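In: Pasting the sequence and the predicted coordinates here, then a few questions.
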Amino acid sequence: MVTETRFPISNQGGQVRVSHRFSIFTALLAVLVLAGLAALVGSSSSQASPRASKATFLASLVSDIGKFTDRSFNQSQLEGLKRAKTKLHINILPLQSNTTSDYTPNFNQAVRAHANITIAAGFLLADTLETFADQFPNSKFAITDYCAKGSASKCLAGNVLTKDHPNVMGLDYAANQSGCLVGYLAAEVTKKHGGKQVIGAVGGLHIPPVDIWMAGYKYCAKLFNKHIKVLIDYSGDFSKSDLCKTIADNQIAQGSFVEFQVAGGCGLGALKSADAHHVWGIGVDKDQSKDAKRVLISGVKHVDLGVFNVIKTTKAGKFKGNKDLQFTLANGGMGVGKIHAGVPKAFITAMNKIKAKIIAGKLHVPKKLT
């Protein structure tokens with residue numbers, strides 16, 4: 001619709017005409033109004049642009065019942081999430097599970113927040129993850145210590161999801177390889193010490209991601225010390241350190257000279273027991289050399305790297321559902337932590353040679369505990 005603008009008029013000599021003074025004034029006023037509107041629009045646009053360019057990618061991490069305070073498995077993954085926030089300039093949503101009943105609401109919160117990737121922090125979350133992957137096919141997920149169904153034949157750890165999920169990636173770790181290295185060192189220091197040839201391992205739950213560590217530990221301890229006895233017990237828990245301390249106390253009473261903890265926060269009790277009895281402790285997942293005085297070495301599983309890499313992959317648009325990211329000694333995804341200063345250099349040299357054999361495929365370490 002065209003609207004008519006009425007200007008002030010004067011009546012001179014019976015003729016109606018527009019006042020030139022008013023006409024000029026009104027024209028100038030119109031120009032100023034239009035300029036002001038243009039400036040306002042420009043200002044709004046310039047303010048909107050930075051908001052649009054800010055990070056909108058959201059990555060969520062759901063812990064298992066070990067919680068983010070375990071100073072081990074879950075905490076390491078949280079560190080990977082935080083590093084992604086800093087290095088990749090993203091938003092993050094860490095969700096802690098205090099009990100198994102928290103799994104579903106935590107996943108639900110991540111999905112409702114429209115997370116671009118939701119990472120399940122471990123084996124215990126597999127059932128919940130598969131349920132949500134089915135219900136929300138447009139959401140992307142990843143899970144630590146599991147392989148996608150589509151890559152089952154190449155799975156390092158042997159834990160495979162029950163069905164194909166085009167929106168799920170597995171994060172697969174060869175923990176048996178690092179378990180072998182710490183098992184060798186445990187056997188050597190025990191042999192050097194003399195006396196009873198006994199070492200121990202304290203697990204949390206009796207599940208594959210725990211057993212794969214122990215499989216490598218036991219196999220290589222016996223491979224390099226045929227007379228050694230390996231005691232293995234489980235606390236059934238990942239957080240109550242007193243339970244693991246009691247188990248370690250009992251193993252040490254049977255002659256164990258080295259205690260390998262594979263129980264997250266609970267396992268810190270095993271390290272304390274080793275300190276108290278003046279034997280050696282071995283950490284797991286993270287470098288735990290600062291968590292006790294007599295930590296011989298730690299078997300390190302870089303789950304922080306797994307979390308970071310799957311976020312980076314997803315953000316770059318390279319997410320490949322029904323596939324895995326794999327982590328081994330060869331690519332730095334597995335390793336060992338700080339070695340105690342009291343360990344002879346000859347032992348460290350020998351351990352590095354074993355590592356080279358594993359990488360070269362000349363030493364095959366079992367992934368199942370026998």
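Out: Perfect, thanks for sending it. Numbering: from 1, shown residues only.

In: which SS class is residue 259?
Out: Per DSSP: H, G, I helix; E, B strand; the rest coil, the local secondary structure of residue 259 is strand.

In: what's the distance between it and residue 130?
Out: According to Cβ to Cβ, to the nearest Å, residue 259 stands 35 Å off from residue 130. Every residue, glycine included, has its C-beta placed from N, CA and C.

In: beta partners of the closest residue to residue 282 other than its chain neighbours?
Out: Excluding the flanking residues, the one nearest residue 282 by Cβ to Cβ, 6 or more residues apart in numbering is residue 260, at 4.2 Å. Taking DSSP bridges, one finds residue 201, residue 282 as the beta-bridge partners of residue 260.

In: what does stretch 124-140 rub up against?
Out: 62, 64-65, 97, 100, 103-104, 107-108, 111, 115-118, 120, 141, 143, 146, 159, 161-163, 165-169, 205, 207, 314, 319, 321 (Cβ atoms under 8 Å, 6 or more residues apart in numbering).

In: and it, how far from the chain's centre?
Out: 17 Å (Cα atoms, centre = their mean, to the nearest Å).

In: Can you show me the helices along the protein?
Out: Here the chain has its helices, by DSSP state H, at 20-53, 73-88, 103-112, 126-135, 175-193, 208-224, 241-253, 268-277, 303-315, 345-360.

In: weakest of those by average pLDDT?
Out: Mean pLDDT is lowest for helix 20-53 out of the helices of the chain, coming in at a mean of 38.

In: picking that back up, please report how far the residue nearest to residue 282 lies from residue 278.
Out: 17 Å.

In: Check residue 157 too.
Out: 35 Å.

In: Just want to know which of those two has more residues nearby.
Out: Set residue 157 next to residue 278 and count neighbours by other Cβ atoms under 10 Å: residue 157 wins out with 25 against 10.

In: right, and that one touches residue 173 too?
Out: Yes: using Cβ atoms under 8 Å, residue 157 is in contact with residue 173, at 6.0 Å.

In: any common contacting residues for the two?
Out: residue 145.

In: confidence score at residue 158?
Out: Residue 158 is given a pLDDT of 89.

In: Next, count neighbours for it.
Out: Neighbour count for residue 158, taken as other Cβ under 10 Å: 16.

In: what's the answer for the one 10 residues further on, then?
Out: Counted with other Cβ under 10 Å, the burial measure for residue 168 works out to 29 neighbours.

In: Bridged to it, which residues?
Out: Counting by DSSP bridges, residue 168 forms beta bridges with residue 141.

In: roughly how far apart are the residue minimising distance to the centre of the chain and residue 130?
Out: The centroid of the chain falls nearest to residue 77 when counting by Cα atoms, centre = their mean (2.7 Å). Taking Cβ to Cβ as the measure, residue 77 falls 19 Å from residue 130.

In: Ok, residue 142 next?
Out: Residue 142 is 13 Å from residue 130, by Cβ to Cβ.

In: just residue 167 next, same as before
Out: From residue 167 to residue 130 the distance is 11 Å (Cβ to Cβ).

In: picking that back up, which one's more surrounded, residue 142 and residue 130?
Out: A direct count of neighbours by other Cβ under 10 Å for residue 142 and residue 130 places residue 142 higher, at 29 against 20.

In: is it true that that one touches residue 117?
Out: Yes: using Cβ under 8 Å, residue 142 is in contact with residue 117, at 6.3 Å.

In: okay, and the common contacts of those two?
Out: With Cβ under 8 Å, 6+ apart, residue 142 and residue 117 have common neighbours residue 310.

In: Do you know the pLDDT at the nearest residue to residue 227 once chain neighbours are set aside?
Out: Using Cβ to Cβ, 6+ apart and skipping residues adjacent in sequence, the residue nearest residue 227 is residue 197, 4.7 Å away. As predicted, residue 197 sits at a pLDDT of 98.

In: shouldn't residue 197 be in contact with residue 230?
Out: No: applying Cβ under 8 Å as the test, residue 197 and residue 230 come out as separate, 9.9 Å apart.

In: ok, the two, which is more surrounded?
Out: Neighbour count, other Cβ under 10 Å: between residue 197 and residue 230, residue 230 has more, with 23 against 18.

In: Who does that one form a beta bridge with?
Out: residue 199.
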